[in-house]
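S.K.: Can you look at this prediction? I've put the sequence above it.
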Amino acid sequence: MSESLEVHGVDLDDLTLPEPTPEQFRRSLLHHLQYTVGTDPEHASKFDWRMALSYTIRDRALEPWFSATRRTWNEDRKRVYYLSMEFLIGRLLEDATINLGLRDVAVEVFDRLGLDFADIADDEPDAALGNGGLGRLAACYLESMATLGCPAYGYGIRYEHGLFKQRFEGGRQVEAPEDWLVTDNPWSFTRPESAYPVGFRGEVVEQDGRQVWTPQLQVLAEAHDTPVVGYGRQWANTLRLWAAKPSADLFDLERFNAGDFTAAAEPEAWARTLSRVLYPNDTTSRGKELRLSQEYFLTSASVQDIVRRYLETHDDLRRLPEYVAIQMNDTHPAIAGPELIRLLVDDHGFGFDAAVDLSTQVLGYTNHTLLPEALEHWSVGLMRKVLPRHLQIIEQLDRRDAELHGPRPEGVGLILDDQVKMGDLAFVTSHKINGVSALHTDLVRRDLFPALDSLHPDRIVNVTNGVTPRRWIALANPPLAQLLTDTLGSGWETDLERLRGLEDHVDDPAFREAFGATKRQAKERLAGWLADHHGIEVPKDALYDVQVKRLHEYKRQLMNILWTIAHWQRIKRDPGAGWVPRVKIFGGKAAPSYDMAKDIIRLINDVAAVVNADPETRDLLQVVYPANYNVSMAEKLIPAADLSEQISTAGMEASGTGNMKFALNGALTIGTLDGANVEIREHVGADNFFLFGLTADEVTARRNEPDHARTAIEKSQAMRDVLQAIAEGTFSPGEPNRYGGILDMLWNSDWFLVASDFDSYDETQQAVDRTYLDHERWQRMAILNVARTGYFSSDRSVREYMSHIWNITPAL
Ligand SMILES: [N-]=[N+]=N[C@]1([C@H](N)O)O[C@H](CO)[C@@H](O)[C@H](O)[C@H]1O
């Protein structure tokens, strides 16, 4: 701390904690066990120790948090505000411990107490406040912003229930409410002083030439802050999650006194639903009023908080873009444009044009998908009902845009066919729009916003996704992390391009052996965990072939399980052919209303039941599907993988981020030229990537060929044998038609081209087996994958956002 600061006569420097020596750490831990958790070592449960440890680590997070906040205020630094309906954080304890440089001390202290740090850390529930890649990306970006010293706030919703818990009954997915808040959350601080009214419905009347909106309903958004510590303990940012609270006047006392108790509580109950549960759809928008209300709840509370903070030290809102950047994580917070314009015009007297220009300079929009069903649009009627003032602003924006650009091409406009198009709204109210991989950004420009791109040719830029190496290597894969430090020295954690130094060691047999040992360790750890937590026994010396991600037809888990059946049939035909033992590992949830995805889950489990019980093949092929895939499970699965399945229909996976995590942990990718696979292959080299399948343009062409599915199936003996087996009920004894829907789809539509890519996928899988048998060659390829994927650090992505979109320089 540079100059000492006195507040209330307290020298804040006096508050700093002593260096965390093992002894000091032990004392602080036992202090919290006794005085914060309220128990003693003799009676403490795993939960008690975990809470005491969390408070001990949290203490250390507050220093970089306070100093970062003070520096940002004192130096009047520009801040970025990352608005996202999802933050798939996972667990925080071990991540914070590593970023504060306290893992070794903590492990040592728990050893001396006769306890196991990892076991205690495993007791923490995941904060599953997201569906998949989009939510996890937001979490990786927050951690990178803190590590880089980029002043930032993450704004999200404090869902009482995150993504549902998944279990299997008879192979079928069954959902149960997730309840991470059932026990105290040691990482969050309630900020009742930071609460904002958020209005809904009601009407807008013109008074003295001004539009005055009187909401019919109003809730309170209460802030809950979590420190996000950067690696190195130099900086920490804030994740502010809003909880919906009924404003006092919502309880209808009159009705209550009239004895109509439930009706009296109704408005209150409504208020709470705003932050009750996360919508479980990944890349699908359902257009529900509650979802729109949740999106506005998040956005309005956040934009009010941003303007309030700015006006605390600035009085000229025209300079807002110099101090504030707002990033919209997909269209979910796209109402931010109209909301900021509303505040500037209705509360701060700005003219409409000036307000629009100002907002556009402040806002950035990231598009994460091209899937039509994921592009949000709200009916004009619903928008008028829920947000009448914002609809006025959107209509005015649309008129203004038409005036500015003259007659617009067909299909361009914010409101079309009685629908408000949130993608177009986000585009016209942002100064930069980015896609999340090079291929995706090209498709965003060519297919999603061609007209707007030609009107605003400088707005669309690419920022390829990234992942944080702290969680996805240092935390998830300690043996590999240690080998990297032993080989490259420390520092790779914050400068991942240094992994390239491994290329100098690829020819060293001792290094290859050590590298191989880290993979074996990860496999043994996973096998132990699967046995203990899922009662699943897997061989340790097999090729671990892993596909973990949300269940969606474009991600083609179906093609993977169909190939697994073909492989099983091949082994049965010739068991002695020197097969590479394989463990096929699946993980992933389907949106509860996505029936086809749920059928695919059931098929995978049905195939597993038959294949795993087959005495002829079970030593050569196992299929496992541990239920409830989440961030913590990914941290155990990804380091153990030999083969990473990134097999989406080309042009449909905007980026993928699991693909990056697998490559950084030494898995080889079998994949299509889709999303970031393209760039991973460019970085690791075509020789170190198992490519197959149609390209994005070939996909478009193939879809236009009539009967493309039937043609492809008739050409593939292997696929026909697989479909035959399914149709005969091999995997659904007594119910041969169980998968009639899937078979019908494959023969007659197959929009995701499973049949067209099957043989290419099959040939490539056989090449994988041949390569795996050449142990040294596989090791070399695996080492080169780690060495050449430093580019996919989220630090690199965030630096690009800072320079190309947010115009912010790091404080560190
Ligand atoms: N929504 N959404 N989009 C996704 C993922 N499903 O969350 O965003 C992820 C993060 O950008 C992408 O990696 C992924 O390809 C894309 O489908």
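M.R.: Sure thing, it's come through.
S.K.: CA atoms for contacts and neighbours, from now on please.
M.R.: OK.
S.K.: Where does the stretch 601-750 of the chain get nearest to the ligand, which residue?
M.R.: Gly656 (3.3 Å; C-alpha to the nearest ligand atom).
S.K.: Next, work out how far apart Asp347 and Arg210 are.
M.R.: 10 Å (C-alpha to C-alpha, to the nearest Å).
S.K.: and the chain, what are its domains?
M.R.: 20-75+92-125, 78-85+131-185+228-241+281-464+798-806, 476-688+778-792 (automatic domain parsing).
S.K.: Reformat these as CSV; add mean neighbour count.
M.R.: As requested, the domains of the chain are arranged in CSV below (neighbours: other C-alpha atoms under 10 Å):
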stretch, mean neighbour count
domain 20-75+92-125, 18
domain 78-85+131-185+228-241+281-464+798-806, 20
domain 476-688+778-792, 20
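S.K.: In the stretch 301-450 of the chain, what residue comes closest to the ligand?
M.R.: His368 (4.3 Å).
S.K.: First-to-last residue distance for stretch 177-185?
M.R.: End-to-end distance for stretch 177-185, by C-alpha to C-alpha: 18 Å.
S.K.: To clarify, my last question referred to stretch 97-116.
M.R.: 15 Å.
S.K.: just stretch 448-468 next, same as before
M.R.: Stretch 448-468 has an end-to-end distance of 29 Å (C-alpha to C-alpha).
S.K.: what's the average pLDDT for that stretch?
M.R.: Per-residue pLDDT over stretch 448-468 has a mean of 96.
S.K.: Spell out the residue ranges of the helices in the stretch 451-600 of the chain.
M.R.: Per DSSP state H, counting those that start in this stretch, the stretch 451-600 of the chain carries helices over the ranges 469, 478-488, 509-534, 557-573, 595-612.
S.K.: mind putting those in a markdown table, distance to the ligand included?
M.R.: Output for those, formatted as a markdown table (distance: least, C-alpha to the nearest ligand atom, whole Å):
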| stretch | distance to the ligand |
| --- | --- |
| helix 469 | 16 |
| helix 478-488 | 24 |
| helix 509-534 | 25 |
| helix 557-573 | 14 |
| helix 595-612 | 14 |
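S.K.: mind giving me CSV with these and columns for distance to Pro215?
M.R.: Below are the helices of the stretch 451-600 of the chain laid out as CSV (distance: least, C-alpha to C-alpha, whole Å):
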stretch, distance to Pro215
helix 469, 46
helix 478-488, 53
helix 509-534, 50
helix 557-573, 46
helix 595-612, 38
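S.K.: Tell me which residue lies nearest the centroid of this protein.
M.R.: Nearest to the geometric centre of the chain sits Arg136, at 2.0 Å (C-alpha atoms, centre = their mean).
S.K.: Which pLDDT value does the model give that residue?
M.R.: In the predicted model, Arg136 carries a pLDDT score of 98.
S.K.: State the distance from it to Asp744.
M.R.: Applying C-alpha to C-alpha, the value for Arg136 to Asp744 is 35 Å.
S.K.: near the ligand, which residues of the stretch 1-150 of the chain?
M.R.: For the stretch 1-150 of the chain, the residues in contact with the ligand (C-alpha under 6 Å from any ligand atom) are Gly132, Gly133, Leu134, Leu137.
S.K.: Of the residues you listed, which belong to strands?
M.R.: Residues of those located in strands (DSSP state E): none.
S.K.: which helix in the chain runs the most residues?
M.R.: helix 46-74 (DSSP state H).
S.K.: any weak-confidence spans in the stretch 651-800 of the chain?
M.R.: For the stretch 651-800 of the chain, no stretch has pLDDT under 70.
S.K.: Show me the helices in it, by range?
M.R.: Under DSSP H, counting those that start in this stretch, the stretch 651-800 of the chain gives helices at 658-664, 677-684, 696-703, 708-715, 717-727, 740-748, 754-773, 775-787, 794-801.
S.K.: and the fourth one, which residues are buried?
M.R.: So the one you mean is helix 708-715. Using 16 or more other C-alpha atoms under 10 Å as the test for burial, helix 708-715 gives His708, Ala709, Arg710, Ala712, Ile713.
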